[in-house]
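Asker: Sequence unavailable; structure follows:
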């Protein structure tokens, strides 16, 4: 009897151990732990894993490729995720691949998605760190939708108030019920159409004038198209430039002369300085002028005396008569 009890206990323990092993095996397979497969480890880092836990799936371009092995918080902004990747993906996932946290379905478990980087670089090796990109969290999306909903509610309330004000505005309804407004609008459109037609006519006239000038007609056309006029204008410009240069040369010479005179005056040399500053020369000049004046007066008196001389009186009378005849 005791031996039968011992055998029953052993059988029960064996069955219990088998059930525990089966449960663990089913759990590991369900979590894609690749219990019997060959794997290698890759790492990536996120600011927010959005509820990702160890055992969640890893997908490469939508293909099941492994599972999350470990999640470690490095600091307050960096979380490192260790990924157990199937060995068959070793010649598929490259070093420039990018990871991001997604969702299985709409509200399913979190999953790490791996997408190719685009360029053909070397394949990722054991322990390599893959780049990551930030994705929108469901909570953030819901908060954004909540803010949007609040904004829509505010806009709807303001729109409702505006419609109520429009409905209660007697002036607006009186304006809408005014039968003369359509006629005024038609008249305005007719005026606009007439103005547009006149503008088109003006543009046609301007185009005709431009073509007339472009063909070399008229004074402006000749100026714009006649090369000889252009050549004459260039020659005139050259002549003006030459005259300006000559004027500059004359001005320079005058400046030199003025500077010389100024230097003579300031330094006490030259005729100008003598005339302006030497009182003796001035006195002599004044005496000379006085003597010339006296000589002129004496000469006039002698001439007057000769007129009354009996020898020359007849000659002077003939001169006076000849002068009177010329004046007549």
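Answerer: Ah, there it is. Since the structure is predicted, the reported quantities are computational estimates derived from the model, not experimental observations.

Asker: What segments of the stretch 51-200 of the chain are helices?
Answerer: Here the stretch 51-200 of the chain has its helices, by DSSP state H, counting those that start in this stretch, at 138-167, 170-176, 180-214.

Asker: weakest of those helices in terms of mean pLDDT?
Answerer: Comparing mean pLDDT over those, the weakest stretch is helix 170-176, at a mean of 69.

Asker: count of residues packed around residue 241?
Answerer: Residue 241 is flanked by 10 other residues according to other CB atoms under 10 Å. C-betas here are computed from N, CA, C, even on glycine.

Asker: wait, I meant residue 86
Answerer: Around residue 86 there are 21 residues (other CB under 10 Å).

Asker: what does the one 5 residues further on give?
Answerer: Other residues lying near residue 91 total 9 when counted by other CB under 10 Å.

Asker: Same question for the one 4 residues further on.
Answerer: Under the neighbour criterion other CB under 10 Å, residue 95 is assigned a count of 16.

Asker: Equivalent analysis for residue 16, please.
Answerer: 10.

Asker: Now whichever strand or helix holds it: average pLDDT?
Answerer: According to DSSP states H and E, residue 16 maps onto helix 2-30. Averaging pLDDT along helix 2-30 gives 73.

Asker: Centre of the chain to that helix, how far?
Answerer: Relative to its chain's centre, helix 2-30 lies at 79 Å (CA atoms, centre = their mean, to the nearest Å).

Asker: picking that back up, turn the helices of the stretch 51-200 of the chain into JSON lines, including mean neighbour count and distance to residue 294.
Answerer: Formatted as JSON lines, the helices of the stretch 51-200 of the chain follow (neighbours: other CB atoms under 10 Å; distance: least, CB to CB, whole Å):
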{"stretch": "helix 138-167", "mean neighbour count": "10", "distance to residue 294": "115"}
{"stretch": "helix 170-176", "mean neighbour count": "10", "distance to residue 294": "110"}
{"stretch": "helix 180-214", "mean neighbour count": "10", "distance to residue 294": "79"}
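
Asker: Let me have these in CSV, extended by distance to residue 92.
Answerer: Shown next, in CSV, are the helices of the stretch 51-200 of the chain (distance: least, CB to CB, whole Å):
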stretch, distance to residue 92
helix 138-167, 29
helix 170-176, 69
helix 180-214, 67
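
Asker: Quick one: closest of those helices to residue 254.
Answerer: helix 180-214 (46.6 Å; CB to CB).

Asker: The stretch 201-328 of the chain: helices as residue ranges?
Answerer: Under DSSP H, counting those that start in this stretch, the stretch 201-328 of the chain gives helices at 218-225, 227-267, 271-277, 279-307, 313-327.

Asker: weakest of those by average pLDDT?
Answerer: Among those, helix 271-277 scores lowest, at a mean of 59.

Asker: number of nearby residues for residue 254?
Answerer: Neighbours of residue 254 under the rule other CB under 10 Å: 10.

Asker: swap in residue 263?
Answerer: Residue 263, neighbours per other CB under 10 Å, totals 12.

Asker: Now do the contacts for it.
Answerer: Not one residue lies near residue 263 by CB atoms under 8 Å, 6 or more residues apart in numbering.

Asker: quick one: it from residue 253, how far?
Answerer: Distance of residue 263 to residue 253, computed by CB to CB, to the nearest Å: 15 Å.

Asker: Same question for residue 206.
Answerer: On the measure of CB to CB, residue 206 and residue 253 end up 54 Å apart.

Asker: Please apply the same query to residue 159.
Answerer: 88 Å.

Asker: what does residue 132 give?
Answerer: 86 Å.

Asker: more crowded one of the two?
Answerer: Between residue 132 and residue 253, residue 132 has the larger neighbour count (other CB under 10 Å), namely 17 against 10.
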